[in-house]
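[1] Model the structure of this input:
(2 chains)
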Amino acid sequence: MDAREEVLARIRAALGPRRERVEVPRDYHRQPPEGTDVVALFAERVADYRADVRRVTAACGVADEVGRVVRELGIRSLVVPVGFPDAYLSGVDGDGAGGRDHVELRRDDPPLSTAQLDDSDAVITECAAAVAETGTLVLGRDQGRRALTLVPDRHICVVRAERVVGTVPQLPAVPPPATWVSGPSATSDIELHRVEGVHGPRTLVVLVVGC
Amino acid sequence: MSTWLGMPPFPEAAREALADTQLRANLRAATATIRAKRAAVVAERADWEQLREAGRAIKDRALRDLDTHLLRLEERVIAAGGTVHWARDAAEANRIVIGLVDAAGADEVVKVKSMATQEIELNEALAAAGITAVETDLAELIVQLGHDRPSHILVPAIHRNRAQIRDLFRREMPGADPELTDDPVELASAARAHLRRKFLTARVAVSGANFAVAETGSLVVVESEGNGRMCLTLPEVLISVVGIEKVVPTEADLEVLLQLLPRSATGERMNPYTSLWRGTTPGDGPREFHLVLLDNGRTTALADEIGRDALRCIRCSACLNVCPVYERTGGHAYGSVYPGPIGAILTPQLRGPDPVADSLPYASTLCGACFDACPVKIDIPRALVHLRTKVAHGAGERAAMGVAAWTMAGPRRFALGRRLAAIGVRLARLPGPWRKWTEARDLPVPSGETFREWWANREGPSGRP
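    Below you'll find the predicted structure:
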């Protein structure tokens, strides 16, 4: 008998012929408490993880805010995944030929090497969905391949208000590979004190668009 | 990392651990911190008990049809471009991994912290085959650099404080700044710099998984630092060693388990990073994915109707943090990769009888704090008592119980026995074959007067007995 057959045979012997049916009670809360402002809660919970959260009321303000973040953080090279809206980048001086505020936009097409990602100052993405209650961003395939939001040291994420849900059970299905991000990289390994910034991006900037 | 082989049984190891005042201070501070954080985030959820009940049922449902769910998982992983291997025991799993690393032509692997690979002592097996395993979780790195053993499921270096970690980094980490301070931010930065080169050049990664979804073939790794994402994304070949009990039937089960786990584990609403992947994805992540499904004693536990509850465990370690025994002895005393209350019921079942495993069901006061804290409602005290009855009882203990039963069966014999006992228990330890009984127990000191004497001599309300 090969290992597969033997493990399966052991399981069948352990369970016996009569198997009780187990029902999963799903009476846990699917909705946030009534009256919850999910976008405000999301902003508050992400800030709790010491992410840099900024609210932009109208979509037309995103480009200005992105430009401001890029200047404030001194970003000179910005990774942009395929499919990221160009309109959000109009506040970034990506065309000027080496001016003082010039930012090199590094589009992942053709794919950037890992060394190029490691050498980039930041990455900007959207998110597929977000959870208010836990302050979680969900990144799926539409946000680019996973290495893009991992290797650069700063991640700027544009979150449209309509993508924010209240609770984890309300999350829409996001096909894998997917990454849930709740705040910047962190560790609690030294005396259980939370330290932000280990291997993933040490700075997470979240731009919440709309209300 | 040194192995767990040849560790002394719990009572002996505990005595040594209790004498280490630094260890006790570190543990007290750490477990108190995590208990407070967990309590705060659990209190936020008005539906915590419903979530726990759902978590219990999800894992029970998975275990009751484990073969069906595993076959489904296998089918989905293969359909998504992965390869599935089955391993009856640790040796077989290690052989499979070594074969895969050799086939990739690598002599170094980066590792995500994983209980399953610690359980099978994969790092030691890889080293024997000339392959270096680099632990990338900060705490695992601390343990590995210190040639030490992990002492907690979630925070393996909980027994070390920041000053000890700084000294270790200065001494053992290649290229570490000799002026490195004990500021945790600086220590974390040192680990980042040390491991970055490894991540960017590694060709093979080894991980475990927190959950494997049968319905979709998705694997889930929950982590904080980003080292997991690095290992799961950057290398060309990914090998995940996953215990067969990690399978859950449906994607919807994750909405419960991913709420229970981070709150119970680190006391966070959500952990910083959760990775979900299925097989391989062209242009994103490893070109090759291997899933190694591991039995290694799990089917033995599954055959035990009470003991199988331990297979629900999602490795959050909330039971360790609330356990009065763990808080005082730390994890090493349990002589196993799984310490604390869950280890006391898991280790004997996974490993089978040996002196350490036999001592573990007694490493508890049965206070029940672990049951209350468990996010999947494992009745650990019930399992402990059940496993105690399965431990082989020596001839001396059986004889003593026989004598006690005979003595208590007659009133005269009982009265005489009671008076003799008052003399006998002046001995702190019983002699000869009864020594084992008092190794881990203090004999209670009886009062000078027995209940019967007091009853016979007492004065009633009317002044008469």
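[2] dump the residue contacts of whatever residue of chain B ends up closest to chain A.
    Per CB to the nearest CB, residue B:226 is where chain B lies closest to chain A, at 2.7 Å. C-betas here are computed from N, CA, C, even on glycine. Residue B:226 makes contact with A:150, A:185, A:198-201, B:272-273, according to CB atoms under 8 Å, 6 or more residues apart in numbering or on different chains.
[3] which residue packs closest to it, ignoring adjacent ones?
    residue A:200 (2.7 Å; CB to CB, 6 or more residues apart in numbering or on different chains).
[4] what does residue B:319 give?
    residue B:370 (3.7 Å).
[5] Can you read off the backbone torsions of the nearest residue to residue B:356 once chain neighbours are set aside?
    Once flanking residues are discounted, residue B:356 sits nearest to residue B:335: 4.0 Å by CB to CB, 6+ apart. Here is the backbone geometry of residue B:335 (degrees, to the nearest 10): phi 60, psi 30.
[6] hang on, the earlier thing: part of a helix, is the residue nearest to residue B:319?
    Yes: counting by DSSP: H, G, I helix; E, B strand; the rest coil, residue B:370 is part of a helix.
[7] ok, it - contacts?
    B:318-319, B:322-323, B:340-342, B:378, B:380-381.
[8] Determine which two of those are furthest apart.
    Spatially, the most separated pair among the contacts of residue B:370 is B:318 and B:381, at 15.0 Å (CB to CB).
[9] So which of the contacts of residue B:226 belong to helices?
    With helices identified by DSSP state H, none of the entries of the contacts of residue B:226 belong to them.
[10] list the buried ones in stretch B:95-106?
    By neighbour count with 16 or more other CB atoms under 10 Å in any protein chain shown, stretch B:95-106 contains the buried residues B:96-98, B:100-101, B:104, B:106.
[11] That stretch close to chain A?
    No: Stretch B:95-106 lies out of reach of chain A by CB under 8 Å from any CB of the partner chain, never closer than 8.9 Å.
[12] got a list of contacts for that stretch?
    If you take CB under 8 Å, 6+ apart as the criterion, stretch B:95-106 is touched by B:85, B:87, B:107, B:109, B:122, B:125-126, B:129, B:131, B:202-204, B:206, B:236-237, B:239, B:241, B:288, B:290, B:292.
[13] Kindly recompute the last result at 10 Å.
    Contact with stretch B:95-106 is made by A:3, B:83, B:85-87, B:107-109, B:117, B:120, B:122, B:125-126, B:128-133, B:202-206, B:235-239, B:241, B:288, B:290, B:292, B:294, as judged by CB atoms under 10 Å, 6 or more residues apart in numbering or on different chains.
[14] which stretches of chain B have low pLDDT?
    Residues of chain B that meet the criterion pLDDT under 70 lie in B:1-3, B:5, B:422-447, B:460-465.
[15] Would you map the strands across it?
    Secondary structure of chain B (DSSP state E): strands at B:83-87, B:108-111, B:132-135, B:204-207, B:211-213, B:219-223, B:237-243, B:247-248, B:273-277, B:288-294.
[16] what sits against residue B:267?
    By CB under 10 Å, 6+ apart, residue B:267 lies in contact with A:188, A:192, A:194, B:33-42, B:318, B:321.
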